[in-house]
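this is a predicted model, with the sequence first.
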Amino acid sequence: MSEGFEVAILGATGAVGTRLIQQLEQSTIPVSKVRLLASSRSAGKTLQFKGQDVTVEEAKPESFEGVDIVLASAGGGVSKKLLPEAVKRGAVCVDNTSAFRMDPDVPLVVPEVNEKALYNHHGIIANPNCSTIQMMVALEPIRKEFGLKQIIVSTYQAASGAGQSALNELKQEAQDFLDGKEMKADIFPTKGDKKHYPLAFNLLPQIDVLEDNLYSHEEWKMIHETKKIMLDDMDSTDIKVTATCVRVPVPISHGESIWIDTVDHDAASVEKIREAVKNFPGAVLEDDPEHQVYPQPINATGKRETFVGRIRPDLENKGAFNLWVVSDNLLKGAAWNTVQIAEHLVKDDLVHVN
């Protein structure tokens, strides 16, 4: 391979990891060598990067010797254990888990929204939650033009957000249901909780564990990540945010119904919001009610963009609007946003060859 950065992908064999490989192949990052790291179970497998076979190695602290950039998606526990070891060895890490998102010393970045936060990194940058990322891309153009006072979001989150095993479980449940068999649930709503329910032909209003304040941890993440990304303060009261997160029997791509209250009620309009979204990088306007054009998960899957439509006024509240947002949770919500951050690190000269 040509001269460039040595890149390690941590969690290379997972649903996000395989997409990290694909997105890195298509990125602008000059890669001299790629190291594919995973658990001992996956060590020895062969994957490809740009047509060349690469053997998967077991992830250990010494795996990061000589590595310049780490793209991580192997679970929070693994990230907490191994990424500090990578930083010690001179690497800059972009982490796709929740391990460091709320750490005040770790930038939480959606490049279209707060790229400048990258300049404050100390070796680790956090990739936000998948549901938060797409909401940020959809709302930032509106916030920049008209300000935001409040956000109320209800999510319709795909099975793949819980990993490849969860996606496999959904498909098996659906087949069992169609075959007249009993559906067996081992993962949803969240693997670490006491009870499990089928997702196929069902809706589950719980993602992650339920907290003492009656919100799920996924809802907590959306609230506080939004404030950290937009306002650089996870507890800011300048924008009020609340969320209801629901798992739906869709394989890939999250949907979100979002209600917003703008600051500049006199200036904000459907036409101006459409124009702002249309001109914002990473956002695609799909909003033609006359011809039934609006974002759909089946169309967003496999695409990097965030799709925005059904933009309409709240007829009871001046300056408030509703919109519908869809994005591939494994790409913009995970692998692409991670690689995109790394691209900006390279472009802004914030990472160097060891």
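Received the coordinates, thanks. As the structure is a prediction and not an experimental result, all values here were calculated from the model.

how about the helices in the chain?
For the chain, applying DSSP state H gives helices covering 15-25, 76-88, 111-114, 130-146, 164-178, 217-231, 270-278, 297-300, 336-347.

same for the second one, what does it pack against?
Just to be clear, that refers to helix 76-88. Packing partners of helix 76-88 (3 or more Cβ pairs under 8 Å, 6 or more residues apart in numbering; DSSP states H and E): strand 5-10, strand 69-72, strand 92-95, strand 124-126. Quick note: C-beta positions are derived from backbone N, CA and C, even for glycine.

what's the answer for the third one, then?
Here helix 111-114 is seen to pack against helix 130-146, helix 217-231, helix 336-347 when contacts are counted using 3+ Cβ pairs under 8 Å, 6+ apart.

convert it to PDB, retaining C-alpha atoms only.
In PDB, the C-alpha atoms belonging to helix 111-114 read as follows (Å, rounded to 0.1, in the frame of the first residue of the first chain):
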ATOM      1  CA  PRO A 111     -18.600  16.800  11.700                       C
ATOM      2  CA  GLU A 112     -21.300  18.800  10.000                       C
ATOM      3  CA  VAL A 113     -22.300  20.300  13.300                       C
ATOM      4  CA  ASN A 114     -19.300  20.700  15.600                       C
END
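
tell me how far it is from the chain's mean position?
13 Å (Cα atoms, centre = their mean, to the nearest Å).

pretty sure L231 contacts D238?
Yes - in this structure, L231 is within contact of D238 by Cβ atoms under 8 Å, at 5.6 Å.

show me the contacts for A268.
Counting by Cβ atoms under 8 Å, 6 or more residues apart in numbering, A268 touches I142, E145, F146, T262, G319, F321.

my guess is the fourth one contacts L148, does it?
It refers to T262. Yes - counting by Cβ under 8 Å, L148 is a contact partner of T262 at 6.3 Å.

which residues do the two both contact?
Jointly contacting T262 and L148 under the rule Cβ under 8 Å, 6+ apart are I142.

quick one: pLDDT of K195?
In this prediction, K195 carries a pLDDT score of 97.

how does the chain divide into domains?
Annotated domains of the chain cover 5-128+334-347, 132-328 [automatic domain parsing].

please identify the deepest-packed of the ones you listed.
Sort those by mean neighbour count, taking mean count of other Cβ atoms under 10 Å, and domain 5-128+334-347 sits at the top with a mean of 20.

other residues contacting stretch 114-124?
The contact list for stretch 114-124 (Cβ under 8 Å, 6+ apart) reads 83-84, 86-87, 91-95, 100, 103, 105-109, 125, 229-230, 232, 341, 344-345, 348, 350.

one step back: so for V284, which of the helices and strands packed on helix 111-114 sits nearest?
helix 130-146 (9.7 Å; Cβ to Cβ).

which elements pack onto the closest one?
Helix 130-146 makes packing contacts with helix 111-114, strand 148-157, helix 217-231, strand 254-262, helix 270-278, strand 283-285, strand 306-313, strand 320-327 when contacts are defined by 3+ Cβ pairs under 8 Å, 6+ apart.

can you add distance to K195 and mean pLDDT and give these back as TSV?
Output for the helices and strands packed on helix 130-146, formatted as TSV (distance: least, Cβ to Cβ, whole Å; pLDDT from 0 to 100):
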stretch	distance to K195	mean pLDDT
helix 111-114	37	98
strand 148-157	19	98
helix 217-231	16	98
strand 254-262	23	99
helix 270-278	40	98
strand 283-285	38	98
strand 306-313	33	98
strand 320-327	29	98
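
save these as JSON lines, and put in distance to V137 too.
Converted to JSON lines, the helices and strands packed on helix 130-146 look like this (distance: least, Cβ to Cβ, whole Å):
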{"stretch": "helix 111-114", "distance to V137": "6"}
{"stretch": "strand 148-157", "distance to V137": "13"}
{"stretch": "helix 217-231", "distance to V137": "11"}
{"stretch": "strand 254-262", "distance to V137": "11"}
{"stretch": "helix 270-278", "distance to V137": "9"}
{"stretch": "strand 283-285", "distance to V137": "5"}
{"stretch": "strand 306-313", "distance to V137": "4"}
{"stretch": "strand 320-327", "distance to V137": "7"}
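
give me the pLDDT value at the residue located most distally from the centre of the chain.
Distance from the C-alpha centroid of the chain, by Cα atoms, centre = their mean, peaks at G180 (35.4 Å). G180 carries a pLDDT value of 98.

how far away is it from Q150?
G180 is 47 Å from Q150, where distance means Cβ to Cβ, to the nearest Å.

also R312?
Distance from R312 to Q150, by Cβ to Cβ: 17 Å.

shaky segments in the stretch 51-200 of the chain?
The model of the stretch 51-200 of the chain has no residue with pLDDT under 70.

pretty sure G302 is touching D328, no?
Yes - in this structure G302 lies within contact range of D328 using Cβ under 8 Å: 6.4 Å.

quick check: neighbours shared by these two?
Common contacts of G302 and D328 (Cβ under 8 Å, 6+ apart): none found.

H224 and D233: what is the separation?
Counting by Cβ to Cβ, the gap from H224 to D233 is 10 Å.

confidence score at the residue nearest to A158 when sequence neighbours are not counted?
Sequence neighbours aside, V250 is the residue nearest to A158 in space, at 4.5 Å (criterion: Cβ to Cβ, 6 or more residues apart in numbering). Looking at V250, its pLDDT reads 98.

so V250 makes contact with Y156?
Yes - assessed by Cβ under 8 Å, V250 is found in contact with Y156 at 7.2 Å.
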